[in-house]
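J.: fold the stuff below for me.
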Amino acid sequence: MSETAGNSQGYETDVSKPPEAVAEFDDPHRGVIGTVQHMLHVNPSLVPLIVLIASIAIFGLLLGTKFFSPFALTLILQQVQIVGIVAAAQSLVILTAGIDLSVGAIMVMSSVVMGQFTFRYGIPVEVSVACGLLCGTLIGFLNGWLVARVKLPPFIVTLGMWQIVLATNFLYSANETIRSQDIEANAPLLQVFGNTIQLGGARLTFGVVFMLALVFVLAYALKHTAWGRHVYAVGDDPEAAELSGVNVKRTLISVYALAGLICAFAGWALIGRIGSVSPTSGQLANIESITAVVIGGISLFGGRGSIMGTLFGALIVGVFTLGLRLMGADAQWTYLLIGVLIIAAVGVDQWIRKVSV
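T.: Numbering: from 1, shown residues only. As a prediction, this is how the structure comes out:
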């Protein structure tokens, strides 16, 4: 029996193959460079992971056991815990093709609310902490509402909010610092993120544990929940997402509100890190968070990247900072190398975006 059959137009069709074979396409011959480009496109956190491993190996060879000691490695985690938490919030916003320049101000404002409510008004510390978390969430919600509903550019909205919150912070606190001794004696809950856990020769603070837990929870939510898929869809193409049934405005507002809440937790962790409530602390958190996000491989154009990459980006900065300090190098070398990494990361992102999928 013949294995070909004629159709109504006189063409012959091979019926010896299963029907699904008709829809198969040959994989393009990408070559080595094309394969690497495609692999990095599919796994955007791979680049910062490679850089992190390479930087650890290089400083380990140069410094030996001094760098590889449990104390040094956990010190890196402690140094990046605040930036890591704030960068997680920044990542969510940048994934939607936005940016939040107010994250540092929200963090500090939330910590000031927690401290002032406790010591100025005598409110129970648990309620004060809840008020600080609510404050950060509301500021983030306002950012999201202005971006999603009023259609203002995220850069302009958060730049203005940064100035407003920063000024409000100084006016409300009267530039007053609440001392560590007073907090330790009367409201130790404010410093809870500074408490440590002993794991062999390593000492991890609750702030580090919270940062790691937050990253893993957000990574799961972004990858395995409808909300996470909506975040990526909005960042990739909001018009197409809207046509697909995604509520773009609600998604944007939820992202900015969640970012505000995370920044408020960063403010709580900041109190534990420095011991006091200071309105002048954390002023560079917005820039540092963007640095971690960019080095971590999240595209500034939105819709592509991984929250794990942000963690790797923050750790890269921590490794360079500690490694150069142990080598006795001038602090300016740290800024120089991080600046090179930022430009290189954006260049790699542009190259990866050209891949055809």
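J.: chain center to stretch 93-110: distance?
T.: 10 Å (Cα atoms, centre = their mean, to the nearest Å).
J.: quick one: end-to-end distance for it.
T.: Its start and end residues considered, stretch 93-110 measures 19 Å (Cα to Cα, to the nearest Å).
J.: that stretch - what's its average pLDDT?
T.: The pLDDT scores in stretch 93-110 average 97.
J.: and the helix or strand where Ala72 lies, what does it pack onto?
T.: Using DSSP states H and E, Ala72 sits within helix 70-95. If contacts are counted by 3 or more Cβ pairs under 8 Å, 6 or more residues apart in numbering; DSSP states H and E, helix 70-95 sits against helix 103-119, strand 202-205, helix 206-224, helix 226-236, helix 248-274, helix 285-295, helix 307-326. Where C-beta positions appear, they are placed from N, C-alpha and C, glycine not excepted.
J.: which strands or helices does the third one pack on?
T.: For helix 206-224, the helices and strands in contact under the criterion 3+ Cβ pairs under 8 Å, 6+ apart are helix 70-95, strand 196-199, helix 226-236, helix 248-274, helix 307-326.
J.: for the longest one, name the packing helices and strands.
T.: The criterion is 3+ Cβ pairs under 8 Å, 6+ apart, and the helices and strands that helix 248-274 contacts are helix 70-95, helix 103-119, helix 125-148, helix 206-224, helix 226-236, helix 238-243.
J.: who's in contact with the following helix or strand past the third one?
T.: From helix 125-148 onward toward the C-terminus, using DSSP H and E, the following helix or strand is helix 154-173. The set of residues that contact helix 154-173 without belonging to it, under Cβ atoms under 8 Å, 6 or more residues apart in numbering, is 93, 98-102, 104-106, 108-109, 112, 116, 139, 142-143, 146-147, 279, 286.
J.: from Cys263, how far off is the residue most central in space within the chain?
T.: Nearest to the mean C-alpha position of the chain, counting by Cα atoms, centre = their mean, stands Ala88 at 2.6 Å. Using Cβ to Cβ, to the nearest Å, Ala88 is found at 9 Å from Cys263.
J.: now Thr291
T.: Counting by Cβ to Cβ, the gap from Thr291 to Cys263 is 16 Å.
J.: which one's more surrounded, those two?
T.: Applying other Cβ atoms under 10 Å to Thr291 and Cys263 shows that Cys263 carries more neighbours, namely 35 against 23.
J.: Val86 is in contact with the more buried one, correct?
T.: Yes - using Cβ atoms under 8 Å, Cys263 is in contact with Val86, at 6.0 Å.
J.: shared neighbours of those two, anything?
T.: Val103, Gly104, Met107.
J.: and the first one, what is it in contact with?
T.: So that's Val103. Contacts for Val103 (Cβ under 8 Å, 6+ apart) come out as Val86, Ala89, Gln90, Ala259, Cys263, Ala266, Ala285, Asn286, Ser289.
J.: I'd say the third one and Ala259 touch.
T.: Yes - taking Cβ under 8 Å as the definition, Gln90 is a contact partner of Ala259 at 7.2 Å.
J.: anything in contact with each of these two?
T.: With Cβ under 8 Å, 6+ apart as the test, Gln90 and Ala259 both reach Asp100, Val103.
J.: so what secondary structure elements neighbour the one helix or strand Leu337 maps to?
T.: Assigned by DSSP H and E, Leu337 falls within helix 331-353. Packed against helix 331-353, as judged by 3+ Cβ pairs under 8 Å, 6+ apart, are the following elements: helix 31-42, helix 46-63, helix 285-295, helix 307-326.
J.: below-threshold pLDDT in the stretch 151-300 of the chain: ranges please.
T.: Scanning the stretch 151-300 of the chain for pLDDT under 70 picks out nothing.
J.: list the contacts for the residue nearest to Leu252 when sequence neighbours are not counted?
T.: Among residues not flanking Leu252 along the chain, Ala148 sits closest, at 4.0 Å (Cβ to Cβ, 6 or more residues apart in numbering). By Cβ under 8 Å, 6+ apart, the contact set of Ala148 is Val248, Lys249, Arg250, Leu252, Ile253.
J.: kindly recompute the last result at 6 Å.
T.: Ala148 is in contact with Lys249, Leu252, Ile253, counting by Cβ atoms under 6 Å, 6 or more residues apart in numbering.
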